[in-house]
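# Have a look at this prediction, sequence included:
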Amino acid sequence: MCGIVGYIGKKNTKEILLSGLKELEYRGYDSAGIAILQNGVFSNFKAVGKLVNLEEKTKEFKTNDFAVGIGHTRWATHGKPTELNAHPHLGEHSYVVHNGIIENYAELKKELQAGGVTFLSQTDTEVIVHQFEKNMKVLKNSFEAFKKTLKELHGAYAILLVTKEQSDTIFFAKHGSPMIIGINEQNENYFASSDTPLIGHCKSVNYFEDGDYGYAKPNEIVIFDKTDTKKEAKLTPLSQNRLSAQKDGFRFFMEKEIYEQSSVISDTLMGRINDKEVIFEELSPTLFAGINEIKLCACGTSYHAAMSASYLFERYAKIKTSLEIASEFRYRDPIMTKDTLFVVISQSGETADTLETLKMAKAAGLKTLAICNVDNSSIVRLSDATILTRAGIEKGVASTKAFATQVSVFWMLSLYIARLKNSMSEDAIAAQISLLREVPAHVKVNDAMHERIKRLSKRYLHGHGFFFIGRDVFYPLALEGALKLKEISYLHAEGYPSGEMKHGPIALADPELFTIALLPKYLHYEKAKSNVEELSARDSTICAISQLEFDKADDFIQINECSHYMLEFFEMMVVLQLLALEISIRLGNDVDMPRNLAKSVTVE
Ligand code: AGP
């Protein structure tokens, strides 16, 4: 989590740092700070809350000519979101910003305190700068002191450090958290946690590998790898197409992203289907050679997309499929056999838990595939193969269009594997492909429907909880609907398999328990309907979503006519997203930056 920027050059350092942080604010927004070293003098500003507070605080501050600066936007791990805990953290003559967690910070802190160091914050990060200065006193060389410090840190980090001892330099290190450096013809150096802050400033960038460390100053970048061997920067062209999303008249990015789903799904399908087959040019058919099982691993919304895939893979591709929550998989000594294809799913490509499971699978010699939305992300760079979901930049913390494209990719992939394994007839595959082509039309938001959900939302602002229920592939959709609602409305919501309600949760049923029931016409309709009737009989307030009229519900949202359950899935997905959005707006919440969350979870 957290976003980091750094700059060395003669331009307006303050503006460069602040605009870089703006692009990274989705990574954390409970506080932000910058430190700028100019003419041997440090200027440091920190503010709690969103970046606008830091902008306000630095309004009068000007930089001109050569300076070195670092900045940080924080998602708190150790210590509350206060100004003292905001980065950059100060030693006697140095500042540091850090993304990740220093696991042995408590031991280091104890030793430093015993040596007379006073700590100002409760963070793990602050030990880095004090440890560096302690080493500096002995080694009398900033780089050697930095190097020694890194060897003493355990955990995950991306670090930028500046010191008065070497006032034209930024020291950097990457181990488990993302970090990029961009270089341009004016000999400026830009650092950031992801591509976006560098767009418009640099044409090429170097993605640091885990274990890389070194320093940058005008005309010089020195990089060492994890074996302490000097290496050259590997420059990759940086896309100059600044997709820095604007809201385009929508109230929130999330709303805009829901409306974009039709066009991004078209992009996801583009060039990947013809009348008879699914073509993934990015995949070699040998990827599936010798594979008897697919293991899907992810977190949050990406996990829900993976769960939908598990139904499709077994149903269409007839391949054994298992499902893993990344944070659980990491620590449960899983059995990994080489006939398993390990598939990780991630919007950001930077989720720490998912990334770690990918490393585990690789270490166990498994073939790996990433379904990801961000090219060049850590997960993409590490996987043997990748299918990009092409959802475009997703800014709302609550994922919408990324989920839609993930499920589209999985539907395609199930047919691709079905063809490889001859588990479906050619005609059946062709029929499914023609359904896939209909998806963009089914996720188009219809004004009347949006208006209806907006009106309906006022009835769902209270109560003691929501159950979203569905069967089969509609169970992961129910989970996703519940996650959307709780993320942005802060109301308690659970996703449950419809048939499981009578095994316990039905005890909660009363008029203040809201049941959002997914009733697809083309998948177990009668069974799902009976489950809803059981809840209705116990007076739970029911909001049913279906293409078939349903008279046992208090509220009914009718989706458009669909000829297949997967099209009903996509129609209902939009309804659930809009319902969460409208409830959150009515409650006056910040839809795009809900409390306690961050877009990209780069800590475990
Ligand atoms: C989605 O609305 C969430 N904000 C969150 O659950 C997210 O899906 C999860 O953190 C995984 O992120 P990733 O897809 O970038 O790996």
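Nice, I can see it. Residues are numbered from 1 along each chain as shown.
# Can you name the residues of the stretch 301-450 of the chain that neighbour the ligand?
Proximity of the stretch 301-450 of the chain to the ligand, by Cβ under 6 Å from any ligand atom, involves residues 301, 302, 346, 347, 348, 351, 354, 397, 398, 399. All C-beta atoms are positioned from the backbone trio N, CA, C, and that covers glycine.
# since we're on the second one, how many residues are nearby?
Look at residue 302: counted by other Cβ atoms under 10 Å, it has 27 neighbours.
# May I ask you to confirm that it belongs to a strand?
No - counting by DSSP: H, G, I helix; E, B strand; the rest coil, residue 302 falls outside a strand, being helix.
# contacting residues for it?
Remark: with contacts taken as Cβ atoms under 8 Å, 6 or more residues apart in numbering, residue 302 is in contact with 345, 346, 347, 351, 354, 371, 399, 402, 403, 406.
# wait, isn't the first one in contact with residue 368?
Right, residue 345. No - using Cβ atoms under 8 Å, residue 345 is not in contact with residue 368; the gap is 11.8 Å.
# okay, these two: which has more neighbours?
Neighbours of residue 345 and residue 368, each counted by other Cβ under 10 Å, are more numerous for residue 345; the result is 32 against 22.
# just so I have it, where are all the helices in the stretch 201-350 of the chain?
Chain-ordered helices for the stretch 201-350 of the chain, with DSSP state H, counting those that start in this stretch as the definition, fall at 253-259, 261-269, 300-312, 326-329.
# Give me the contact list for the second one.
Looking back up the chat, that one is helix 261-269. Residues from elsewhere that reach helix 261-269 (Cβ under 8 Å, 6+ apart): 389-392, 400-401, 404-405, 408-409, 412, 436-437, 439-441, 443-444, 574.
# contacting residues around residue 441?
Neighbouring residues of residue 441 by Cβ under 8 Å, 6+ apart: residue 262.
# Okay, and it sits in which element?
Residue 441 is located in helix 426-442, with elements delineated by DSSP states H and E.
# Next, the buried residues of that helix.
Along helix 426-442, these residues count as buried under the neighbour rule (16 or more other Cβ atoms under 10 Å): 429, 432, 433, 435, 436, 439, 440, 442.
# what inclination does that helix have with respect to helix 300-312?
Following axes from the mean of the first three to the mean of the last three Cα atoms, to 10 degrees, one obtains 150 degrees for the angle between helix 426-442 and helix 300-312.
# if I pick residue 296, what's in contact with it?
Going by Cβ under 8 Å, 6+ apart, residue 296 touches 306, 307, 309, 310, 321, 322, 323, 324, 343, 345.
# Look up the pLDDT of it for me, please.
pLDDT, the model's per-residue confidence, is 98 for residue 296.
# what's the spacing between it and the ligand?
Applying Cβ to the nearest ligand atom, to the nearest Å, one obtains 13 Å for the distance of residue 296 from the ligand.
# Mind listing the residues bridging to that residue?
On DSSP bridges, the residues paired with residue 296 through beta bridges are residue 323, residue 343.
# Now for the residue of the stretch 351-500 of the chain found nearest the ligand, how many residues are close by?
Among residues of the stretch 351-500 of the chain, the one nearest the ligand by Cβ to the nearest ligand atom turns out to be residue 351. It sits 3.3 Å away. For residue 351, the neighbour count with other Cβ under 10 Å is 30.
# Need phi/psi at it.
With angles defined as degrees, to the nearest 10, residue 351 sits at phi -60, psi 120.
# what about the residue of the chain found nearest the ligand, neighbour count?
As assessed by Cβ to the nearest ligand atom, the ligand sits closest to residue 300 within the chain, at 1.9 Å. For residue 300, the number of neighbouring residues by other Cβ under 10 Å comes to 24.
# quick one, what contacts it?
If you count contacts by Cβ under 8 Å, 6+ apart, residue 300 has them with 399, 483, 601.
# which one of the residues you listed has the most neighbours?
Ranked by neighbour count under the definition other Cβ under 10 Å, the contacts of residue 300 are headed by residue 399 with 27 neighbours.
# My guess is that one contacts residue 301. True?
Yes - using Cβ under 8 Å, residue 399 is in contact with residue 301, at 4.2 Å.
# Mind listing the shared neighbours of those two?
With Cβ under 8 Å, 6+ apart, residue 399 and residue 301 have common neighbours residue 347.
# and the gap between the residue lying closest to residue 166 once chain neighbours are set aside and residue 120?
Spatially, and ignoring its direct neighbours in sequence, residue 166 is nearest to residue 142 (4.6 Å; Cβ to Cβ, 6 or more residues apart in numbering). Using Cβ to Cβ, to the nearest Å, one gets 22 Å for the distance from residue 142 to residue 120.
# and residue 20, what does it touch?
Contacts of residue 20 were listed using Cβ under 8 Å, 6+ apart, and they are 5, 7, 71, 190, 192, 197, 198.
# who wins for neighbours among the residues of the stretch 301-450 of the chain next to the ligand?
residue 346 (33 neighbours).
# List the contacts of that one.
Taking Cβ under 8 Å, 6+ apart as the contact definition, residue 346 lies against 298, 299, 302, 354, 355, 370, 371, 372, 373, 377, 379.
# helices and strands around the lengthiest helix in the chain, which ones?
Looking across the chain with DSSP state H, the single longest helix is helix 565-586. Helices and strands touching helix 565-586, by 3 or more Cβ pairs under 8 Å, 6 or more residues apart in numbering; DSSP states H and E, are helix 253-259, helix 401-420, helix 426-442, helix 447-456, helix 474-489, strand 513-519, strand 541-546.
# Just the buried residues of it, please?
Of the residues in helix 565-586, those scored as buried under the neighbour-count criterion (16+ other Cβ under 10 Å) are 565-585.
# What about contact with the ligand: does it have any residue there?
No - using Cβ under 6 Å from any ligand atom, helix 565-586 never reaches the ligand; the gap is at least 9.8 Å.
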